[in-house]
Structures are given as structure tokens and as C-alpha cells.
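K.L.:
just need the structure, nothing else, for what follows:
(chains A and B)
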Protein chains: 2
Amino acid sequence: MPTKNRQILLARRPTGEPVAGDFDLVTTAIPDPADGEISVRTIYLSLDPYMRGRMNAERSYADPVEVGAVMEGGTVGVVEASRHPGFADGDIVVGRTGWQDYALSNGDGVRKVAPPDPGDPPISTALGVLGMPGLTAYTGLLNIGKPQAGETLVVAAASGAVGSVVGQIGKIKGCRVVGVAGGPDKCRYVVDELGFDACIDHRAADFEDQLAAACPDRIDIYFENVAGRVLEAVIPLFNFFARMPVCGLIAQYNMTDLPDGPNKLPMLMRAVLTNRLTMRGFIVREFWAQQDEFLREASQWIKDGKLKYKEYRVAGLERAPETLIGLLKGENFGKVVVEVSPDPTR
Amino acid sequence: MPTKNRQILLARRPTGEPVAGDFDLVTTAIPDPADGEISVRTIYLSLDPYMRGRMNAERSYADPVEVGAVMEGGTVGVVEASRHPGFADGDIVVGRTGWQDYALSNGDGVRKVAPPDPGDPPISTALGVLGMPGLTAYTGLLNIGKPQAGETLVVAAASGAVGSVVGQIGKIKGCRVVGVAGGPDKCRYVVDELGFDACIDHRAADFEDQLAAACPDRIDIYFENVAGRVLEAVIPLFNFFARMPVCGLIAQYNMTDLPDGPNKLPMLMRAVLTNRLTMRGFIVREFWAQQDEFLREASQWIKDGKLKYKEYRVAGLERAPETLIGLLKGENFGKVVVEVSPDPTR
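P.N.:
This is a model prediction of the structure:
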């Protein structure tokens, strides 16, 4: 068990791709809870693409992390000391306690996770398929994508924490599902393990042609996680009344200047008008009210073998910065989970 | 009265800006209705930006006009000879009978217009404020824009047939309404006559700064008619949960190649995600069911002086091609109506 509290701070705002020097690892004392608080030891830390946005000062749907503050992040932890009536020592909890070994919380936004029975998914899935990324996939696809049986759904970042769930729910709803991923290993996994109908490697020279060939009935739903080349290949393929939930834009998060031309904005606008396309940006926070329904459905789908997941685990809090840097380049394969301290349920 | 039937045909598909040679004026005999048909003499022909799209062969929400076929268009006419039980000789009708003096119809899509009482708007308004453009404005703004009192609505092409109605309905709904138009005369009209809160000239060197200054609370609804420079100025100003009905893209209809860079697509995508923006392309056809409600409300607003309109009239069917070419360059000031033959109600 950690005997000090290591914390990873935002040392400065990155320019373009983050580098190690943008983060600072400091060591402080383990904090004691005040009345009404709990102290949580981090077991698992989730790393997710949205974190790149929080490192910038630009206006967005959430306030940025301040320079010098602990990096934000979702965690699964164990209550080490509770002075809060709703929690007992030893409770497993999921919350947003950040990149550190220990954190205090007043319980807001902290949810208890039942200890798993034998055969149940590990508690780390509360950060992935049964957590924020899973709920993002579920609510974005169902509320905005509105999948209908027989439609074609294209999913960017198809082997990732969100994309993998989007595509599998698309299959459950009867869609033809075409994934896009980086490299043959991820594509093979998406088809062979997750059951997508096809998966196209966006690194292929003829990616655009392959995508068009995989969508003979055009595209009814494009679940946007990446932008860049994938989006530009999708734009000419939309069907009338297509929908595009805009969940993430990982290919442009490290961008410092707009790319060289031509200016493709008119191409998108033409597609929006002539197809009567709906685009809608969203974040999971809008849809928290659907969490219980999601957890019930997703847990059952996992039991039934219809919803699979893959974790990409990294051991040690100190590796979080390099792992986030790699995540933004697609170096992970599956949901990124940092193992911070021993899991008492394993 | 015309003694022959002049028809304007699409002679060939334009490349970029249409030219006179893309149209052909031919003269044929006045057609006789068969059983179940009416013969309609055109009184007024509507010219509208969407017609540019119909001249291209590209996939869109409507089939293109075939080369050699009569140009499509909405008209107000008079039934010259009826062999249809639903129409009598002399009925004033609005329909889509195209760029010609006379047309036959089986009555589908043809609607009778009551002869105006003294003080009523002229029957030509069935092509404008009380016709397709008005219904487009009404349904696009209310169904997609969803204006709320106190919100800021920006309207492109604010002095045009659609934009002028959008902005005035926005005022009726309690919005702060900022128009964008080309040149000081149009801007003055939009503010002084139509009652918008402000109108910015998109030809001004500091247009972007003026627009931002006119929207101190940012933009909740952008009614898109033009794209191009106006859209690019709007993108950084969106509020959270803003809506963007995409109705037209006149600034890019004559485009043959994508413009030079930088590529502004990432700028739009970032705005969609971080503002949770909804964009939705639409055409009025989706909302025909709301026509009666629209006509009832709009007629009352006109009577009450809350909804004003301006026609830009051109005399002579033969001038339709040059007038459409000018419309695409913003040379008109108000709803474009071609006077084809005498109006029996004036």
C-alpha cells in the first residue's frame, strides 16, 4: 500500500502533443477525512481522450484543470476511512478522484460498486464497459443515433472503450455495423471478437475506397470519435436523414493550427443540407439519468455474451502521463486502466 | 395574353456560375387539358436559390432537372381550362408548373388561392411570405431552431425571402435577432423596416468583429442560408446547446472546387462537440403538414403589422435566366417574382 500520497499535477498547458514535462509528480501526506468525508485509496485510474481537452484553457463544456492542480480522472477505489454516514471502511467506490493515490471526498458523485461474485467482470469495468465510456456509447447511440434494424452504423475508434460498445449495441439493435480502427490487429479483433460486420484500417492507402465498399447501402449513423481522415471519408457516404452523434475528436485534440487546405467545410455543409443530416455534439453528463437502465441492460448483455470488452492495463500511477500521451496516438488496444494499488477483490 | 407557350429549358448543366447559354427559350403550342387535367396560365414565377441545385446532376434530396426539360419552379397561375372536378375556369392556383407560360396539371400539389380582398397582400405572396419560403422559415425556425425568449438568433441572408421571415418570427418569439446581409441598403431595411435588433454587412472588412460585438450573449440559433464567410464567423460564437437549422448554402452553390485552405472542418467539429451543438439540414417538404397552421398564423401577423415582406419584381418570362443568375450573386433585394402574364386580381 502507498505510504505517501503521490499526485500527478498539470505542470503547464501543452502545446500540441503533450510531453512528460507537462506533468509533475509530487508526494504529499496521506490526507485524513474531516467529518462528513471519506478517504479513498485509488485502485484503478481511468485514462480517456477527453483529458486532453481539460489540459487546455479554451472554452469548453467543462472547466479546464488549473495549472498546478491534480489531473482529473475517474477512479475505482476503496474507502480507507469513512466519516460519512453513507460509506463504510472497505466500500468499493467509483468516482472522479483524479490522478493520485489517495483522495478525500464528501461523497458527491461517488457511487458504491458491489463486490463482484465469481465470474463477474472485475471492478475496473466500472471505468469502462460498465462505466462512463459504456454509458457514453449507450446514450449517444440510442438518444442521438437512434439505430433501426437494417441500418448501417459506422463507428470510429471501433476497438476503443466507447466505440467497441457502440458497435456491439448496434449489432444488438439489428444494424449492419462497420468499424474503423488503426491497424490489422485491432480490425481483426473488432470483427472476430466483437462481431462487427466489417472493420476498415484507417491507415490503409485505399481506406476511403474500402469504407465505401463496406457500406453498399450508404451510412445511416456515424458515431464520431475521431474526425480527421475518417470523417472526411464518411461525409460523401451519408444516407438521407442520417444521424451523427459527435462524441469525440481524438485526431484533432493535439492540433495547434488548422490543417492545410483545401477547406473541406463546404463539403460537410453540402452533405448536411442534401441529406437532411442531424449532427449533435454531446457529453455523457447530459444523460446521467439513464445510468441505472444502462447498467441493468449492459450487465445482462455481458452475461449473455453479447457485450465484450478488453482492457489495456498499465501498472503504476507514475506511468499515467506516458500512457495518456500514447492513448492520444492510438497506442492502446482496449480501455486504458492504470493499476494504482492492489485490488482487494482479486 | 400569350398566344404561344414559351418554355425555358435547361440547355446544359452549368459549370460554376450559370450563364445565359445554359438555358434555352423555346416556343410551343398552348397545350389542351385531357380529361382530369387543368390548363394553367402562369401569372407569377418564383425564382429561388434551390434552383441552382436542380441544375446539377449530383445526388440530392430531389431529382435534378433533366437537360432539355422545362426548368422547375413554383408559380401562381389562373386555370384557363378545367377538365378536373376540383377546379373551375378562372381559379387562382399555386403549384409547381415551371418556367413556362402554360402548363397542364392533374391537380397534384396544386392549391387554390382565394382572390384577395381589398387591402390583402397580392396573390404573388403565395410564392413568398405566404408560400414556400415563408413555410420554410416558419418550420425550420420553430421545429429545429426552437427559439426561446431572450435567446440570440442570427439569420443569414436576412433581407431575403426566407431570412426576412425567420428574423421577424424570431422577434415575435422574443429573441434578440441579428441579421447578416450584403450592403448598407439591405442592412438598413432589415433593422428599420423588419425590426431586427441589428444587421451586419458581410462585405465589411471587419464583419467578424462587428458580428461578435452584436452578439454579446453569444449565439443560440444560427439559421443557415449561405455558408461561406458568414458561417465561419458564426462558428466561434455558439452558445452551449445552440441549434443550427441548415436551410441553404447560397455562397457555395456555384462552387466547382473546394476553396483553398486552411481546412476549417476541425473548427466546426470542435464547436459542435464543445457546445453540444445540433445541426440539422432540412427542406420544407418534410413539414408540409404544418402549412395550414402556418398560413393562419402568418396571415394574422401580416394583418397585425408584425410580418412584413418585400418583393423584387421582374417583368417577362424571358428575363428569368438572368434574374436567377443575379439572385445567386445577391443582386435582388427581396423575394424574386417574375411577372409572366397579367394578374386578373390587380
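
K.L.:
against A:Thr75, how distant is A:Val314?
P.N.:
In this view, A:Val314 and A:Thr75 are 14 Å apart by CB to CB, to the nearest Å. Heads up, the C-betas are built off the backbone N, CA and C, glycines and all.

K.L.:
okay, those two: which has more neighbours?
P.N.:
The neighbour count for A:Val314 versus A:Thr75, taken as other CB atoms under 10 Å in any protein chain shown, is higher for A:Thr75 (25 against 19).

K.L.:
so who does the more buried one touch?
P.N.:
By CB atoms under 8 Å, 6 or more residues apart in numbering or on different chains, A:Thr75 lies in contact with A:40, A:42-46, A:94-98, A:103, A:127, A:340.

K.L.:
quick check: chain neighbours aside, which residue is closest to A:Met71?
P.N.:
Of all residues not flanking A:Met71 in the chain, A:Trp99 sits nearest, at 4.0 Å (CB to CB, 6 or more residues apart in numbering or on different chains).

K.L.:
is it true that the one you found touches A:Gly316?
P.N.:
No: counting by CB atoms under 8 Å, A:Trp99 stays clear of A:Gly316, with 11.9 Å between them.

K.L.:
more neighbours: which of these two?
P.N.:
Legend: neighbour count by other CB under 10 Å for A:Trp99 and A:Gly316, higher for A:Trp99 (28 against 12).

K.L.:
phi, psi of the more buried one?
P.N.:
phi -80, psi 80 (degrees, to the nearest 10).

K.L.:
got a list of what it touches?
P.N.:
A:Gln7, A:Ile8, A:Leu45, A:Val70, A:Met71, A:Glu72, A:Gly73, A:Leu317, A:Ala320.

K.L.:
doesn't A:Thr27 make contact with the second one?
P.N.:
Meaning A:Ile8. No: if you go by CB under 8 Å, A:Ile8 and A:Thr27 don't touch, sitting 10.8 Å apart.

K.L.:
which one's more surrounded, these two?
P.N.:
A:Ile8 (21 against 11).

K.L.:
surely the more buried one is in a strand?
P.N.:
Yes: A:Ile8: assigned to a strand according to DSSP: H, G, I helix; E, B strand; the rest coil.

K.L.:
domains in chain A, as residue ranges please.
P.N.:
Annotated domains of chain A cover A:5-127+A:310-339, A:132-284 [automatic domain parsing].

K.L.:
looking at the ones you listed, which is buried most?
P.N.:
domain A:132-284 (a mean of 22; mean count of other CB atoms under 10 Å in any protein chain shown).

K.L.:
end-to-end on that domain?
P.N.:
End-to-end distance for domain A:132-284, by CA to CA, to the nearest Å: 7 Å.

K.L.:
can you list the residues of the stretch 101-250 of chain A near chain B?
P.N.:
A:Glu224, A:Ala227, A:Gly228, A:Leu231, A:Glu232, A:Phe240, A:Val246, A:Cys247, A:Gly248, A:Leu249 (CB under 8 Å from any CB of the partner chain).

K.L.:
so which of those belong to strands?
P.N.:
A:Phe240, A:Val246 (DSSP state E).

K.L.:
next, format the residues of the stretch 101-250 of chain A next to chain B as CSV and append distance to B:Ser299.
P.N.:
Conversion of those to CSV gives the following (distance: CB to CB, whole Å):
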residue, distance to B:Ser299
A:Glu224, 43
A:Ala227, 46
A:Gly228, 50
A:Leu231, 44
A:Glu232, 46
A:Phe240, 32
A:Val246, 40
A:Cys247, 44
A:Gly248, 47
A:Leu249, 46
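
K.L.:
just name the closest of the residues of the stretch 101-250 of chain A next to chain B to B:Pro121, please.
P.N.:
A:Phe240 (34.7 Å; CB to CB).

K.L.:
can you tell me the closest non-neighbouring residue to the closest one?
P.N.:
Of all residues not flanking A:Phe240 in the chain, A:Asn275 sits nearest, at 5.3 Å (CB to CB, 6+ apart).

K.L.:
thought A:Phe241 was touching the one you found, still the case?
P.N.:
Yes: applying CB under 8 Å, one finds A:Asn275 in contact with A:Phe241, separated by 7.1 Å.

K.L.:
secondary structure class for the residue lying closest to A:Ala126 once chain neighbours are set aside?
P.N.:
Leaving aside its sequence neighbours, A:Ala126 sits nearest to A:Val94 (CB to CB, 6+ apart; 4.4 Å). Three-state call for A:Val94 (three-state DSSP): strand.

K.L.:
and stretch A:338-346, how far out from the chain's middle?
P.N.:
20 Å (CA atoms, centre = their mean, to the nearest Å).

K.L.:
now for A:Lys306, how many residues are close by?
P.N.:
14.

K.L.:
what sits against it?
P.N.:
Counting by CB under 8 Å, 6+ apart, the residues that A:Lys306 touches are A:Gln168, A:Lys171, A:Ile172.

K.L.:
pipe those residues into JSON lines and attach distance to A:Ala289 per row.
P.N.:
Formatted as JSON lines, the contacts of A:Lys306 follow (distance: CB to CB, whole Å):
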{"residue": "A:Gln168", "distance to A:Ala289": "23"}
{"residue": "A:Lys171", "distance to A:Ala289": "25"}
{"residue": "A:Ile172", "distance to A:Ala289": "21"}
